[in-house]
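**Student:** 3D model of this:
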Amino acid sequence: MEGRQFMAEGATLRQLRYFLRAVEAGSFSAAATAEFVAQPSLSDQIRRLERTLGAQLFSRGSRNLQVTDFGRLLIPLAEQTVRSADTLANTAREAKELSSGEVLFGIFSSAHLYLLVPLIAEFRALHPQVRVRTVGLNSSEVADSVRRGDLEAGLVQLPIDDSGLTVGPEVLVDEVVYASADPSHTAKPVNITDLASSRLILSEAHWQTEDPLRRGLLERARAFGVEIKPEVEVEFQTAALELAVKGVGDTLVSYFVARPYETSNRIFLAPLDPPYKERFAFITRASGGLSPSTRRFMKLAHRHITNLQRQDPNWTRISPAD
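**Tutor:** Have a look, this model is predicted:
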């Protein structure tokens, strides 16, 4: 039975809240105190709920309040109904509050390929009066802008220089994959020695000393006594992928960026050996607060990221759990 059916039959949100509070508190008196109401008022509302449902929710004869079998069945449905009502109320309140303002947010460059567009579209649909300004070509650039106060917050790839910043927990994990137009080049995981001998195209040409992948490749190459010398360097991962599609060379890109090319059979992918994970987190200025607009934008971004990783059927193949 859906929670909304209880509402249609006459149960009120207040009655369901009082019921759940009584279950939690273990007595009507304690529940009334927690809800800031008189005990007779709370008891009366629960009796009305019982009459509406046609079943007793508590055994009142014992010293301690005991939930009946029917009451136990009601608990998850009541929780669902109250939770849905709270979500609706919060959404309406946020929409009403965000009648103006501006989002000042920094983000890594490839986010527009799979995250930024649907995120901004939904945010603007919810808050059409709020201006949105998202900037950033590289995570280190975003970190500098947040540190200076030019941006309120950002979503960046780790690690970064976190001085003057508050770095949140990881919210997105992607994986670098090897992409080639030749399926024989992706028949097995690609190690650092393979990379050293490949015709390699690398992105982030301008940020090669700050880019986490570039630094990670350099560390791996030094450990194995080899050298990574790309034959072509470009700024954007999409440019590197397009060149790989044309057979100019092979490249390294984030899986979420490469996914549309693989699903359309334009490119073949292989993981690195060992895997190279890309980890992303929200950052804010350590000494600054967040406007309601930017805070809401980050909350919505977190939901989009969660859905992105849950809905990808290929994710477990490319990036097994750590």
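**Student:** wait, is K188 part of a strand?
**Tutor:** No. The secondary structure assignment for K188 gives coil rather than a strand, going by DSSP: H, G, I helix; E, B strand; the rest coil.
**Student:** state the pLDDT value of it.
**Tutor:** K188 carries a pLDDT value of 95.
**Student:** just checking, what packs against the helix ranked longest in the chain?
**Tutor:** Determined from DSSP state H, the single longest helix within the chain is helix 69-97. Packed against helix 69-97 by the contact rule (3 or more CB pairs under 8 Å, 6 or more residues apart in numbering; DSSP states H and E) you find helix 3-8, helix 13-25, helix 116-126, helix 292-311. Every C-beta, even on glycine, is put in place using the N, C-alpha and C of the backbone.
**Student:** select, out of those helices, the one closest to F108.
**Tutor:** Smallest distance to F108 across these (CB to CB): 9.7 Å, for helix 116-126.
**Student:** would you mind writing the CA trace of that closest one as CSV?
**Tutor:** The C-alpha coordinates for helix 116-126 follow below in CSV (Å, rounded to 0.1, in the frame of the first residue of the first chain):
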residue,chain,number,x,y,z
LEU,A,116,27.2,20.5,-16.7
VAL,A,117,24.5,20.8,-19.4
PRO,A,118,21.7,18.7,-17.7
LEU,A,119,22.7,20.2,-14.4
ILE,A,120,22.3,23.8,-15.5
ALA,A,121,19.1,23.0,-17.4
GLU,A,122,17.4,21.5,-14.4
PHE,A,123,18.7,24.3,-12.1
ARG,A,124,17.4,27.0,-14.4
ALA,A,125,14.0,25.2,-14.7
LEU,A,126,13.7,25.2,-10.9
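**Student:** neighbouring strands of whichever helix or strand comes after that helix in the sheet, and parallel or not?
**Tutor:** The helix or strand immediately downstream of helix 116-126 is strand 131-135, counting by DSSP states H and E. Sheet pairing of strand 131-135 (DSSP bridges) gives strand 102-107 (parallel).
**Student:** other residues contacting the strand it pairs with?
**Tutor:** Outside of strand 102-107, the residues that reach it under the criterion CB atoms under 8 Å, 6 or more residues apart in numbering are 115-116, 123, 130-136, 141-143, 145-146, 150-156, 291, 293-294, 297-298.
**Student:** which of those count as buried?
**Tutor:** 115-116, 123, 130, 132, 134, 136, 141-143, 145-146, 151-156, 291, 293-294, 297-298 (16 or more other CB atoms under 10 Å).
**Student:** picking that back up, let me have the helices and strands packed on helix 69-97 in TSV, extended by distance to V171 and mean pLDDT.
**Tutor:** Formatted as TSV, the helices and strands packed on helix 69-97 follow (distance: least, CB to CB, whole Å; pLDDT from 0 to 100):
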stretch	distance to V171	mean pLDDT
helix 3-8	30	44
helix 13-25	31	93
helix 116-126	13	93
helix 292-311	5	88
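**Student:** need these in a markdown table with distance to S109, can you?
**Tutor:** Putting the helices and strands packed on helix 69-97 into a markdown table (distance: least, CB to CB, whole Å) gives the following:
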| stretch | distance to S109 |
| --- | --- |
| helix 3-8 | 43 |
| helix 13-25 | 46 |
| helix 116-126 | 10 |
| helix 292-311 | 16 |
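**Student:** of those, flag the one that's most buried.
**Tutor:** The highest average neighbour count among the helices and strands packed on helix 69-97, using mean count of other CB atoms under 10 Å, belongs to helix 13-25 at a mean of 20.
**Student:** flag every buried residue along the very next helix or strand once past that helix.
**Tutor:** Taking DSSP H and E as the definition, the helix or strand that follows helix 13-25 towards the C-terminus is helix 28-35. Neighbour-count burial for helix 28-35, with 16+ other CB under 10 Å as criterion, is recorded at F28, A31, A32, E35.
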